[in-house]
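> what would the 3D arrangement of this be:
(3 chains)
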Amino acid sequence: MINNKLPKIWYGGDYNPEQWDPETWKEDERMFKLAGIDVATINVFSWAMLQPDEVTYDFSALDATMDRLYKSGVYVCLATSTAAHPAWMAKKYPDVTRVDAQGRKRRFGGRHNSCPNSPTYRKYAALMAGKLAERYKDHPGLLVWHVSNEYGGYCYCDNCAKAFRVWLKERYGTMDRLNHAWNTRFWGHTFYDWDEVVPPNELSEEWDGNRTNFQGISLDYRRFQSDSLLDAYKLEYEEIKKYTPDIPVTTNMMGLYPELDYFKWAEYLDVISWDNYPALDTPVSYTAMTHDLMRGLKSGQPFMLMEQTPSQQNWQAYNSLKRPGVMRLWSYQAVAHGADTVMFFQLRRSIGACEKYHGAVIEHVGHEHTRVFRECAELGQELHVLSDKLLNARAHAKVAILFDWENRWAVGLSSGPSVALDYVKEVHKYYDALFEMNIEVDMAGVNEDLSKYDIVIAPVMYMVKEDFAEKIEDYVAAGGTFVTTFFSGIVNENDLVTLGGYPGELRPLLGIWAEEIDALFQDQHNQIVMKQTWGELQGEYECGLLCDLIHSEGAKVLAEYGSDFYQGMPVLTVNKYGKGKAYYVASSPEAAFLKGFLANLCAEKGIEPLLNAPAGIETTRRVNDGVSYLFLLNHNASDVEVDLGNKETVDLLTTESVSGRIVVPGRGVRILEQR
Amino acid sequence: MINNKLPKIWYGGDYNPEQWDPETWKEDERMFKLAGIDVATINVFSWAMLQPDEVTYDFSALDATMDRLYKSGVYVCLATSTAAHPAWMAKKYPDVTRVDAQGRKRRFGGRHNSCPNSPTYRKYAALMAGKLAERYKDHPGLLVWHVSNEYGGYCYCDNCAKAFRVWLKERYGTMDRLNHAWNTRFWGHTFYDWDEVVPPNELSEEWDGNRTNFQGISLDYRRFQSDSLLDAYKLEYEEIKKYTPDIPVTTNMMGLYPELDYFKWAEYLDVISWDNYPALDTPVSYTAMTHDLMRGLKSGQPFMLMEQTPSQQNWQAYNSLKRPGVMRLWSYQAVAHGADTVMFFQLRRSIGACEKYHGAVIEHVGHEHTRVFRECAELGQELHVLSDKLLNARAHAKVAILFDWENRWAVGLSSGPSVALDYVKEVHKYYDALFEMNIEVDMAGVNEDLSKYDIVIAPVMYMVKEDFAEKIEDYVAAGGTFVTTFFSGIVNENDLVTLGGYPGELRPLLGIWAEEIDALFQDQHNQIVMKQTWGELQGEYECGLLCDLIHSEGAKVLAEYGSDFYQGMPVLTVNKYGKGKAYYVASSPEAAFLKGFLANLCAEKGIEPLLNAPAGIETTRRVNDGVSYLFLLNHNASDVEVDLGNKETVDLLTTESVSGRIVVPGRGVRILEQR
Amino acid sequence: MINNKLPKIWYGGDYNPEQWDPETWKEDERMFKLAGIDVATINVFSWAMLQPDEVTYDFSALDATMDRLYKSGVYVCLATSTAAHPAWMAKKYPDVTRVDAQGRKRRFGGRHNSCPNSPTYRKYAALMAGKLAERYKDHPGLLVWHVSNEYGGYCYCDNCAKAFRVWLKERYGTMDRLNHAWNTRFWGHTFYDWDEVVPPNELSEEWDGNRTNFQGISLDYRRFQSDSLLDAYKLEYEEIKKYTPDIPVTTNMMGLYPELDYFKWAEYLDVISWDNYPALDTPVSYTAMTHDLMRGLKSGQPFMLMEQTPSQQNWQAYNSLKRPGVMRLWSYQAVAHGADTVMFFQLRRSIGACEKYHGAVIEHVGHEHTRVFRECAELGQELHVLSDKLLNARAHAKVAILFDWENRWAVGLSSGPSVALDYVKEVHKYYDALFEMNIEVDMAGVNEDLSKYDIVIAPVMYMVKEDFAEKIEDYVAAGGTFVTTFFSGIVNENDLVTLGGYPGELRPLLGIWAEEIDALFQDQHNQIVMKQTWGELQGEYECGLLCDLIHSEGAKVLAEYGSDFYQGMPVLTVNKYGKGKAYYVASSPEAAFLKGFLANLCAEKGIEPLLNAPAGIETTRRVNDGVSYLFLLNHNASDVEVDLGNKETVDLLTTESVSGRIVVPGRGVRILEQR
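Numbering: from 1, shown residues only, chains lettered A, B, ... in the order given. Here you go, the predicted structure:
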């Protein structure tokens, strides 16, 4: 449990009383009660209010809010307010603002605007966190700390340049090792002194966001900036822990946000929290995958759904309303994948600036007689009914898909073989195939203990970091099934190619050699021709994007290319290795192939779907002390009948006993307890 | 009459003799005569010539030009030359160049390049205007002053920052009021000192041209820059008026140019003038609307067509030739909508730099034996025939469409609900429906006296400024018909949402409440289902873009949505209010609906089309001392027959009596006098 | 012969031993032998290695490489290493880095990164070239010098501004002449002092790469930057020549690279070399045209194919593998068009940074058992068989197409009439028609001696430079056939329009006057209607892009427009002039028209195709001392039969006698010697 002061699924969200008057606060209290809201995230953007100038601190308004909320039964997720520096600070200490990727020094504006290596920012952010912790450490309403907000963005200023050199010195020790890691003999880039290194932006090595001349430099700069922001987080974390060692600390993540290595960050968060903003046309399996990834950051520990919108967003191109029932459905989807909170941005809609058309529990009309508020209030009641039943319940997947931010950076920075290669998209293809079959999946980091899994899938494992190949070999030798794909095993963690033939360090395990890599135009395809029927797999399937031209070096060939000059070369192989098997998929296949292929692997391992359900029914399971909770989520607009078979279950929301053929209403949810 | 020295429709255009030699001047005189040209706009870009260094002024060439033109029968529209500063000034006083939206300090180059808050620019521009006015105040050829040229572009330099703070201080008085107006508690933006405010560009709050974090700041900066340029204009205006209080002063506007609030500017222009540059594929109704808007800037006062091309442009992607007859047709279109001049850019084509492929009366070949020159000369003769007949004649529309630049800015800056929302496009949809029916329309500002109209239409009246709601209520109470649409009444003039339910201050008048606003993808649609047949309106019509989910609070529901979860909710309502009616159109409809809808409203008010004419025939009317001039413009390539009924008219160009069925030739024009 | 030390087609390519260890060097030697490699381009990016700080030079590694290669039978193309400055230099002397088109001062990064007017760069680059020449002047392995690498990119720094003013002073002498050349009376741009001139970039006159306010300024800046880089090249050239006057010096060009006037550069190269990087979908006739252009730079002198990839590239969007046989086919295509070398980038694939996925003779796997290596080795053997047979053999085309970089700049910078106008595309249309018919073509500069040609084609000869019109008149008067097109003869070399009617100075020769120029939308077309059948030309053909509205002034009209208001006006004319004929094509025609048209012209002149061959067969001829070498290149994937008729030939690769009907294998090549 995140904090046992409130032993239920927390319900609430971002709340900015400083934008409103006391009369409105009273209405807020009344409506929070109506909606069953019991937690408010406050103080997210209040730095300028709390510290109106360099020497003055004024906590009176925050004191009052804390007390007022607590009295009305609302607990607090307390933010540290450092996500946007005050205007006076930008004016007085320009080092707090960033230099952007275009090389421009920024002035005051926006949010998430502080340079993480700014001495001013670091000093005053830490000071603020400490003061808040000291002041509110004993406040009975305090549930959890929320450091800053949605960390992100890179800076390229001179302070960052200096800090980068220190970071490099720590990483490499000598110029020789630096030069080797970056292969600086290429294009005569040899550095003879740390001071010669400059940040890689549009003034030096990069262009168009992720195009670079030197992958090694750009990769290290991403690591360094992720670390710099993490370090700024840790400064606040440590200040807080001095005063409240037992209150959990988090910062809200953003799912598949590219710029930060969340697996590295996760070590320093007591609980993961994240902000979930799918669009109307985001595949539901994509949202599911992201939830699983957030759960995977701390090896399965439940997480907080820190933000979602009750209805619409403002920053998308077309800000569709969430259709009736969808807010509830997607809230339970979060819980189904491991969330122990359901929280919104935001509780009351602001009246000015860029988020005023973002949905809120209390809309501009101000009263409770709206569709959105009614749906929120109904969900609030249900969460009271659920009480503490689901808290801390865990998933027990036997299949893991590996995900690695550093690999993602390296793939994204690569010059060649194809601009269409998108690591996340390839990972999602595998996830989606399993999702469609209602097979439980963990999204795991490369440092995860893999022994708990029967199948481990690592799509486009381009970068193979130190000891990883050995770890996978051990896993397979012990009986595991491993799957990887084209463009894997190519480089080490500095993006230096492993010589001797692709897939490099993975070559012995996979029993193949990839001689060449063909890049196909978007409308070009090849075929996966099965050598013989295997489960549901037979005949031909389409593939494209990249085609590795592989040779078996011991692996069994299961399918071959169907056309072009490499017709007849292997496209799907399996290699026995110790007690296990290692599969190689040499191109990017169509969905039908992946479904059949992964179904076969699961069948081999005796992994069963949670439920054989019609399309659009998502099924997950959370388990707590031997009690199992089955979630049935109907993403269709119309009712669907599913067959529970002889499972005897209790519907948690209706408390009825349920078995056999049951109905899940259109956009509806059922949570079935099974003992 | 603009200036009764020349009591006819002025004919001529931009002329740059300083680019040519005396021999060419003689040819110019000869050809101007052949073409019937009697006005030349000169001195537009001569600052560097008139003032070769900081202390020297040399008007000798201009003196000679003024005299020479006058002697040859050509009057002068005299520009002040300040639209591009001299190179020496940019070098000596870098404050004259701008800082752009990307935050870059500009160097010498281009035109319209001066910072309006540059002390150097302001000093020397005003000085130049004064010197010119003093020198030429008694010149018999001087018809009208042309200050600078096509004002536009914003600056973000430190001088602008300082001036912005002064402007803000005048507008808001205190930091508290500023902070409230901008809702700066959002994202911790509270300002404690005026000096903390910086211009909102890509270094601070904005990106991609009109994306912003703070609508309030960005909106005020647009107001401020429009005011700054206006102030620069006024400096020159006042210098001129010291010497020639009776000679009208103008500056050439650019129709729907986004950056300046032309309604505010219009107060300081003695006569409106503008530059009309439709492309081959610009809808003729769009040009018509723009003419009407320019006429509306000074409540119907005739305007100058200051520039148009005789044939092709140079700055479009594909610079099509104007087809034979089109230059004449579009010239008369301007007159039909209120122009009392027909002027070109330019009289002689330049030989170098970026406008050398822009059409001119005298082309590079240099003689009169060209299609373009022949067409120009024929039109010149016709304008002599027309003499002073049409001068100062006025339109008498009973329908007004409101247009507001500040509303346009606010809609454009909005983050959500849809990037596809385009204020001008929505306004044009309504205009086009009336245009197709040959219903006379005024394009009016929000400060216009509305009592003269039977119907007032305000599409997407998102921003409701002080006293506007009351004004509209009074108008409707007195019997007027008012139409507004989705996304209206949302904010006040600081872009702060009016709480209590959309459409805010317009809610009592309209008798509805808009609970939610759905944004549709570009290929997504809903339907307007008529509850019963109303005139030509029956059955279903398509709608899209945004769909307000409205509830009637007294309004009668005329049509409902046809699909989605808000099927059956009102999409078209009418509310009786006093003696009048207020309509609300909750989505963006297809053209067929708008035509039927507006036809019904006109029928209710007894407003008749000027003529029931086939497609492609545009009809307008100008009235002078009880004499009415009917313009028939055939935008088709082939002849069209129209029926005047029993109107007895005289064709002004042929002087024949005309009635009954008559032919308007393909791309031809008839101007019929009716007493 | 480039250097008779190695009297055969050189075979090898870029080699970077400094990126590898001694063990690898040994493998390189072994594999070079296997592949028949006899030349290595070294030291391209070694500046930082050779000069680790300002005062230290260390040639020991280079010494060793030179010796080692020579001992193993590999000659050296020795680069001067100045294509990328060392990091220490950028730090110590920031003047070496550029200011870019956006006005941003660059920091260390990338390559081709030195300002050509940087005193530091000029000093140390020249010093390095001299030191290398002095050191290796007598090395037996040294074949040819390779100065810097792929010169390109413009700089806009203050040193360039200063140098630009000096350049202008030399070109124009007085401010008056400068102002006239740039037509600065337009937009009041008159300059009174050289110091007022600033480089035309996004801070002053330009935007979007090649959009400009002042064509004259932008054109001169392109000339100036091309000259500045050429001057930097010449500094090194002269240092080298001091020590090795007899060893040829080159720098590798990039075919149709836009930024440098290669015809001007060619004067200072002893031998032309270039880097050929077609994509999978580049038309083979486009590559052929580029080879011919490179050959034309020095009036037909054989050139070096300095770089091509053995398999794939890395910097394209989709880096397809070269299909089996294609590397060989395209290598021989280069030789067929005049190359006396076949060289690759690169011999061994690098392991880090942005080119590691670029193909190489030795791939990452490191051994010779790859498809790519096998193909390379086979070609290496063939080149040994060919020995010195083809060296220095020349083409003997009777048709020339003129190409001019300054004209290309001017067309590209033009504002109007159409953004779709692309000089290179129009040139290629004419080339392609001749290519399809296997007519030999020279791509010639405007200064070429034209007397050797029967037909000279100058598509879109927009800019007519001094004496050019007279030269063409003389050529035609003497019996030549000249073809030009729409948008020709418009301006002089300063982009100032020639007054008096288009096509300006070409008007007497062509016997026509172009009154207007219509620009068509991309989907708009007109027709070329033949007035009577002419050879294969009859009936109607499509045309578009631009349509000149021309009048005959003596020329015979061969075809007329088929539609629009200029239907019936001439679109194809011929004018007899002296003993020759001048054709004018007034619009951009479809391919079928051009093929028929050019076939007629060739027939008139008795110019025969080299061979009547099926589609996809490319045929060229090189002649040496009366011996003729016919190249048959089959770009089809399947075998094709061609008929040599009664030619008696010897196949150089098989040494068999060959005549009559023979087969060219799919993607195969035959080289037939004919005495």
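> and the residue nearest to residue A:588 when sequence neighbours are not counted, how many neighbours?
Excluding its sequence neighbours, the residue lying closest to residue A:588 (Cβ to Cβ, 6 or more residues apart in numbering or on different chains) is residue A:545, at 3.9 Å. Bear in mind the C-beta positions are built from the backbone N, C-alpha and C, glycine included. Neighbour count of residue A:545, defined by other Cβ atoms under 10 Å in any protein chain shown: 26.
> ok so residue A:545 is a helix residue?
No: counting by DSSP: H, G, I helix; E, B strand; the rest coil, residue A:545 is not part of a helix but strand.
> identify the residues contacting it.
Going by Cβ atoms under 8 Å, 6 or more residues apart in numbering or on different chains, residue A:545 touches A:418, A:420-421, A:486, A:519-520, A:587-588.
> can you redo those as a markdown table with pLDDT and neighbour count?
Putting those into a markdown table (pLDDT from 0 to 100; neighbours: other Cβ atoms under 10 Å in any protein chain shown) gives the following:
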| residue | pLDDT | neighbour count |
| --- | --- | --- |
| A:418 | 98 | 24 |
| A:420 | 98 | 16 |
| A:421 | 98 | 21 |
| A:486 | 98 | 28 |
| A:519 | 98 | 26 |
| A:520 | 98 | 21 |
| A:587 | 98 | 28 |
| A:588 | 98 | 26 |
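> tell me the secondary structure at the closest residue to chain B within the stretch 451-600 of chain A.
Using Cβ to the nearest Cβ, the closest approach of the stretch 451-600 of chain A to chain B is made by residue A:522 at 21.4 Å. At residue A:522 the chain is in coil, as set by three-state DSSP.
> leaving out sequence neighbours, find the closest residue to it.
That would be residue A:420: by Cβ to Cβ, 6+ apart, it lies 6.3 Å from residue A:522.
> nearest to residue B:261 among the contacts of residue A:545?
residue A:420 (46.3 Å; Cβ to Cβ).
> distance of the closest one from chain B?
Between residue A:420 and chain B the distance is 24 Å, computed by Cβ to the nearest Cβ, to the nearest Å.
> was I right about that residue contacting residue C:316?
No: applying Cβ atoms under 8 Å, one finds residue A:420 not in contact with residue C:316, separated by 11.8 Å.
> so who does the closest residue to chain C within the stretch 51-200 of chain A touch?
Of all residues in the stretch 51-200 of chain A, residue A:183 sits closest to chain C, at 2.7 Å by Cβ to the nearest Cβ. When contacts are counted by Cβ under 8 Å, 6+ apart, residue A:183 touches A:216, A:496, C:19, C:350-353.
> and those residues, which two are the farthest apart?
A:216 and C:19 (13.2 Å).
> quick one, which of those two is more surrounded?
Neighbour count, other Cβ under 10 Å: between residue A:216 and residue C:19, residue A:216 has more, with 27 against 18.
> you'd agree the more buried one is in a helix?
Yes: the assignment for residue A:216 is a helix, going by three-state DSSP.
> quick check: it vs residue A:598, distance?
As judged by Cβ to Cβ, to the nearest Å, residue A:216 and residue A:598 stand 35 Å apart.
> same deal with residue A:562?
21 Å.
> between those two, which is the more surrounded one?
With neighbours defined as other Cβ under 10 Å, residue A:562 and residue A:598 compare such that residue A:598 has more, 22 against 18.
> so the more buried one makes contact with residue A:429?
No: using Cβ under 8 Å, residue A:598 makes no contact with residue A:429, being 10.4 Å away.
> give me the distance between the two termini of stretch A:504-523.
30 Å (Cα to Cα, to the nearest Å).
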